[in-house]
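Asker: Provide a 3D model corresponding to the input given below.
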Amino acid sequence: MGLAKLSAAVWQRLLLVISMATPRGKGQVLSLGGGAFGFLIAKLAVFVAPLMLMQTWSLSDYGTFEYALSWASIMAVPLTFGLTGALPYFVIERHRPAYQSVAYFHYAVVAILLLALVCAYLALRFSVGMYLAMLLSGVLVVQRLKSTCYLLEKSPALASLTESGLYVVIVLFLLGGRALFVWHVEIGWMSAVLTAYLLTLITPDLLNLPTSRRKFLAVLARYRLAIGFGLPLILTSMLMIGLISSSRILLGEFLSVEAVAVYSLCFRIVSTVVIIHSLLNTLLFHNLYQAKDEAFDRYSLSILASLFFAALILLFVAPLVMPFFAPKAAALLLKYRNISWVLSCTVVFWVATAQLEPLIYRHRQAKLLAMLLLCIVTILFGTVWLLGKTGRLSILNFCQINMLVLAALLMGQVIILRSVGFNLVKVPIFSAAILAGYFAAYAVTLSA
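Answerer: All right, here's what the predicted structure looks like:
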């Protein structure tokens, strides 16, 4: 009872800080219940889907899926043509809501690419894993673009469900299989289901394409302008997502798909706490995009502190609860608990860097961020390559290196924003304290 009261008090305090930190924040927070149900369903699917896949597939098959998803996350960035960054700029900053119509045009581009992919697969018969990676990239492109449009329309529930639609479909498919007493599903069948899902996503919107020549040319002109703004953002976005997704790719290249499965499972369980950030970021999207530095600093500190302490609590609770519904996953989490501790710190830096990225775009500093990311990615890849070639790479030291480079990226972002007069103080201090605390605890563990 005492823990419940404490949790309620912390949540109320967090909402109070947010309502004071952002313009019209109180009204946004009071509307939390409107989209909370859809949001919770979406985020629950993100948590449950990997556990169900782990129970359904072998460690190798699950690692193959995560490996394909990592490549898809990177490939999806250039396929968006930078529109997920361009649309908020034109609609919110320039007050031109008509630019949302360019999304319909882009869905037609994705439909053409999907048709080419299916034909190539049937003709060339390349591996299912390769087909799955390319298919998932198309799914992610459409999901991100649709989610951005729903955020611009202030529909947080639809935005959340669309963003996590891949996992919702996986959960429904596996539940349907179990209802029919089918306990094992081949990756090929999963690929077929996801192909149908992508077609379902884009087909209704293709019907919204303008039929008259005048309207079509108007949408095409807006599409070109949006791409012109978004293309410079592609390299930066690709490096940002690549920095996160490359973890599984590098582990797959230098260790094994089993290592990918272990890392992915631990990361997905720990990153469940990101639901706090995702929910509030979805509801306050417009306000945060326009927030001043002091208000943004207060909000970000509240979110990062909540994430960190929630992750620590989760690491104690998960091993006690998971054996009842996911015994294989629970055994792996307990065996590799040292990795989960590193990832509980890493998730803070991951969320913080993602939070600052749109601000850098807003202040037209994408080129500086791209240069910083190139340096960070080079350091990460070079260090992992050296350790891999010398046989010293392990999942643990890889996670520690990944945490350090994300922390360095965060500090670099703070410096870039300060150069344009957007000063953040609390976020970098809190992040440095987490980093110092982890390595102090790690040193004590080694000495013991």
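
Asker: only C-alpha atoms for contact and neighbour calcs from this point on.
Answerer: Will do.

Asker: now do the helices in the stretch 151-300 of the chain.
Answerer: 156-163, 165-179, 187-206, 213-254, 257-270, 275-283, 285-289, 293-321 (DSSP state H, counting those that start in this stretch).

Asker: for the fourth one, packing partners?
Answerer: This means helix 213-254. Under the contact definition 3 or more Cα pairs under 8 Å, 6 or more residues apart in numbering; DSSP states H and E, helix 213-254 sits against helix 59-79, helix 83-88, helix 102-124, helix 257-270, helix 366-389.

Asker: make a markdown table from the ones you listed and add distance to I395, mean neighbour count and mean pLDDT to it.
Answerer: Below are these laid out as a markdown table (distance: least, Cα to Cα, whole Å; neighbours: other Cα atoms under 10 Å; pLDDT from 0 to 100):
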| stretch | distance to I395 | mean neighbour count | mean pLDDT |
| --- | --- | --- | --- |
| helix 59-79 | 14 | 22 | 81 |
| helix 83-88 | 33 | 25 | 77 |
| helix 102-124 | 34 | 16 | 78 |
| helix 257-270 | 7 | 22 | 81 |
| helix 366-389 | 11 | 17 | 87 |
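
Asker: adding distance to A432, write these out as JSON lines.
Answerer: Shown next, in JSON lines, are the helices and strands packed on helix 213-254 (distance: least, Cα to Cα, whole Å):
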{"stretch": "helix 59-79", "distance to A432": "28"}
{"stretch": "helix 83-88", "distance to A432": "29"}
{"stretch": "helix 102-124", "distance to A432": "40"}
{"stretch": "helix 257-270", "distance to A432": "20"}
{"stretch": "helix 366-389", "distance to A432": "18"}
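
Asker: could I get the helices of the stretch 151-300 of the chain as CSV with distance to L114?
Answerer: Below are these laid out as CSV (distance: least, Cα to Cα, whole Å):
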stretch, distance to L114
helix 156-163, 19
helix 165-179, 16
helix 187-206, 9
helix 213-254, 20
helix 257-270, 27
helix 275-283, 29
helix 285-289, 31
helix 293-321, 38
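
Asker: quick revisit: with A133 as the reference, name the closest of the helices and strands packed on helix 213-254.
Answerer: A133 sits nearest to helix 59-79 of all those, at 4.4 Å, using Cα to Cα.

Asker: between the closest one and helix 102-124, how many degrees?
Answerer: 130 degrees (axes from the mean of the first three to the mean of the last three Cα atoms, to 10 degrees).

Asker: before we move on, the earlier item: any idea which of the helices and strands packed on helix 213-254 gets closest to G228?
Answerer: Comparing the helices and strands packed on helix 213-254 by Cα to Cα, helix 83-88 comes nearest, at 8.7 Å.

Asker: what distance do you get for L40 to M134?
Answerer: Relative to M134, L40 is positioned 28 Å away (Cα to Cα, to the nearest Å).

Asker: before we move on, the earlier item: most packed of the helices of the stretch 151-300 of the chain?
Answerer: helix 156-163 (a mean of 25; mean count of other Cα atoms under 10 Å).

Asker: which residue ranges make up the domains of the protein?
Answerer: Using automatic domain parsing, the domains assigned to the chain come out as 1-30+255-448, 35-232.

Asker: quick one, which of those is nearest to I241?
Answerer: Nearest to I241 among the domains of the chain is domain 35-232; the distance by Cα to Cα comes to 6.2 Å.

Asker: coming back round to it: R125: which of the helices of the stretch 151-300 of the chain is closest?
Answerer: Smallest distance to R125 across those (Cα to Cα): 12.3 Å, for helix 187-206.

Asker: quick one: list the elements packing against that closest one.
Answerer: Under the contact criterion of 3+ Cα pairs under 8 Å, 6+ apart, helix 187-206 touches helix 102-124, helix 128-152, helix 165-179.

Asker: quick one, phi/psi of A330?
Answerer: phi -60, psi -40 (degrees, to the nearest 10).

Asker: identify the residues contacting the spatially closest residue to S271 that is not a sequence neighbour.
Answerer: Nearest residue to S271 in three dimensions, chain neighbours excluded: V347, at 6.4 Å (Cα to Cα, 6 or more residues apart in numbering). The contact partners of V347, taken as Cα atoms under 8 Å, 6 or more residues apart in numbering, are V270, S271, V274, F308.

Asker: can I assume the first one is in contact with L343?
Answerer: Same thing as V270. Yes. Contact criterion Cα atoms under 8 Å: V270 and L343 qualify, at 6.8 Å.

Asker: before we move on, the earlier item: how close does the residue nearest to S271 get to Y62?
Answerer: V347 is 22 Å from Y62, by Cα to Cα.

Asker: repeat that for L122.
Answerer: Counting by Cα to Cα, the separation of L122 from Y62 is 24 Å.

Asker: repeat for V169
Answerer: Taking Cα to Cα as the measure, V169 falls 17 Å from Y62.

Asker: also R125?
Answerer: Distance of R125 to Y62, computed by Cα to Cα: 22 Å.

Asker: got it, and A261?
Answerer: Counting by Cα to Cα, the gap from A261 to Y62 is 6 Å.

Asker: could you do Y121 as well?
Answerer: Y121 is 22 Å from Y62, where distance means Cα to Cα.

Asker: please apply the same query to L410.
Answerer: For L410 relative to Y62 (Cα to Cα), the value is 31 Å.

Asker: helices and strands around the helix or strand harbouring V444, which ones?
Answerer: In the assignment (DSSP states H and E), V444 maps to helix 426-447. Packing partners of helix 426-447 (3+ Cα pairs under 8 Å, 6+ apart): helix 293-321, helix 337-362, helix 395-419.

Asker: in that helix, what counts as buried?
Answerer: Residues of helix 426-447 classed as buried: V427, P428, S431, I434, L435, Y438 (neighbour count, 16 or more other Cα atoms under 10 Å).

Asker: what's the distance between A108 and T84?
Answerer: According to Cα to Cα, A108 stands 16 Å off from T84.

Asker: any idea which residue sits dead centre in this structure?
Answerer: Computing the C-alpha centroid of the chain and ranking residues by Cα atoms, centre = their mean puts I241 first, at 8.0 Å.

Asker: which regions of this structure sit below the pLDDT cut-off?
Answerer: Across the chain, the ranges flagged by pLDDT under 70 are 1-39, 92-95, 98, 181-183, 232-233, 242, 245, 276, 278-291, 447-448.

Asker: can you do 90?
Answerer: Scanning the chain for pLDDT under 90 picks out the ranges 1-382, 384-385, 387-400, 402, 418-428, 431, 434-448.

Asker: got the phi/psi numbers for the residue nearest to S164 when sequence neighbours are not counted?
Answerer: Nearest residue to S164, sequence neighbours excluded (Cα to Cα, 6+ apart): A42, at 5.5 Å. Main-chain dihedrals, A42, degrees, to the nearest 10: phi -60, psi -50.
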